[in-house]
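Enquirer: output the structure for:
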Amino acid sequence: MSLIVTFEDIWGPALEELARRFPVVRLDHADPGLVPDAGTVSAAFVRNKTQVNEGFLTALPQVAVVARVGVGLDNIDIPAADAHGVVVVSPRGANAQSVAEHTLALALAVARQVVVLDATCRRGEWDRRPGLELAGGTWGLVGAGATGLATASLARALGMTVLAHDPHVEDHVLARHGIERASIDALASISDVVSLHLPSTPQTIGLVGPDFLAAMKPRSILVNVGRGEVIQEDALVNALEGGHLAGAALDVRALEPPVNGRLERLPQVVLTPHVGGITTQSQRRILDAVADDVSRVLGGQSARHAVGGVDRMGG
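Expert: Presented below is the predicted three-dimensional model:
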């Protein structure tokens, strides 16, 4: 009988259903070295803390499928999984709407200074300072994958023009979503809101630094819902303290959780703890999809959401 392990306290109705057919061990940590009966594990569910690398695959030598309960793959060594014949499943785009709504919420929170004004009201003050309207402005997407495209739909609903810089997305895809292609420099200089939807890669790490920030439109807003490593935080703080930007909102950080510093002391910054894709609905969709794929792989069928070169047990 195949043994299934869930790391990082992953649970939900889809796993309850799976547990009726397979033995499931539920763990609250991310260490494969602490798994009981590790040599009999056929499937594993992980979030972003569990490092699925050579060590993980060696510690669980019989694992056939790893389900990433989420869409980021920073913690998954896909080539290593392929080499071991392990199926990796992740439902790409399943949380795009959740991320898009959070992106819009963050931009609006900065534009209308919601966090600052909430604090003044709680102190008994009545500070009726003006905010910024987004309607009629320009929204720039750096990265036009699933979350970027979903964000574009919401921005257009506000009456904004949407630009995107993403060399990996074809023109017809952008056109279908009412998005205009722009160079990264043009996007920075024109956009009233710039949102980042980028993974952490050698090409994207540190992309938003002094030059990019200086090129941004004065009094514009920066939102990051991709990966924290994309922004050089010291440069961002300098741009904010100097008044060049109206504000910034970050759902992701290079170090999570971060150490409190200069950024946390700025009132024009809104911070959330990497929850853009986490809603009740998105988590249900994701867990349903990957649990179904695990069941399919263990039953000898191909996974519907395989992200590597292997889609079924044995290749």
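Enquirer: all helices of the chain, in order?
Expert: Assigned by DSSP state H, the chain shows helices spanning 13-18, 54-59, 78-83, 96-111, 114-122, 146-157, 171-176, 184-190, 210-215, 233-241, 280-298.
Enquirer: contacts for the first one, please.
Expert: Outside of helix 13-18, the residues that reach it under the criterion Cβ atoms under 8 Å, 6 or more residues apart in numbering are 4, 6, 24, 26, 45, 284, 287-288, 290-292, 294-295. C-betas here are computed from N, CA, C, even on glycine.
Enquirer: now the fourth one
Expert: Outside of helix 96-111, the residues within contact range by Cβ under 8 Å, 6+ apart are 114-115, 131-134, 146-147, 149-151, 153-155, 158, 193, 195, 197, 221, 223, 225, 246-249, 251, 268-270, 272, 275-279, 281-282.
Enquirer: distance between it and the chain's centre?
Expert: Taking Cα atoms, centre = their mean, to the nearest Å, one finds helix 96-111 lying 13 Å from the centre of the chain it belongs to.
Enquirer: swap in the third one?
Expert: Computed by Cα atoms, centre = their mean, the separation of helix 78-83 from the middle of its chain amounts to 22 Å.
Enquirer: what's that helix packed up against?
Expert: helix 54-59, strand 87-89 (3 or more Cβ pairs under 8 Å, 6 or more residues apart in numbering; DSSP states H and E).
Enquirer: repeat that for 7 Å
Expert: Contact here means 3 or more Cβ pairs under 7 Å, 6 or more residues apart in numbering; DSSP states H and E; on that basis helix 78-83 packs against helix 54-59.
Enquirer: show residues contacting the helix it packs on.
Expert: Applying Cβ atoms under 7 Å, 6 or more residues apart in numbering, the contact partners of helix 54-59 are 32-33, 38, 63, 77, 80-81, 84, 86.
Enquirer: CA atoms of it as CSV?
Expert: What follows is helix 54-59 as a C-alpha-only set of coordinates in CSV (Å, rounded to 0.1, in the frame of the first residue of the first chain):
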residue,chain,number,x,y,z
GLU,A,54,18.7,15.6,-4.2
GLY,A,55,18.7,15.2,-0.4
PHE,A,56,14.9,15.0,-0.2
LEU,A,57,14.7,12.5,-3.1
THR,A,58,17.4,10.3,-1.5
ALA,A,59,15.7,10.4,1.9
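Enquirer: looking at it now, give me its mean pLDDT.
Expert: Per-residue pLDDT values over helix 54-59 give a mean of 96.
Enquirer: one step back: report the buried members of the contacts of helix 96-111.
Expert: By neighbour count, with 16 or more other Cβ atoms under 10 Å, the contacts of helix 96-111 hold 115, 132, 134, 146-147, 149-151, 153-155, 158, 193, 195, 197, 221, 223, 225, 246-249, 251, 268-270, 272, 276-279, 282 as buried.
Enquirer: and the nearest residue to Leu271 once chain neighbours are set aside, how far is that from Arg227?
Expert: Of all residues not flanking Leu271 in the chain, Leu250 sits nearest, at 5.6 Å (Cβ to Cβ, 6 or more residues apart in numbering). To Arg227, Leu250 is 11 Å away according to Cβ to Cβ, to the nearest Å.
Enquirer: mutual contacts of these two, please.
Expert: Counting by Cβ under 7 Å, 6+ apart, nothing touches both Leu250 and Arg227.
Enquirer: circling back to that earlier point, give me the buried entries from the contacts of helix 13-18.
Expert: Burial by neighbour count, 16+ other Cβ under 10 Å: within the contacts of helix 13-18 this picks out 4, 6, 24, 45, 287-288, 290-292, 294-295.
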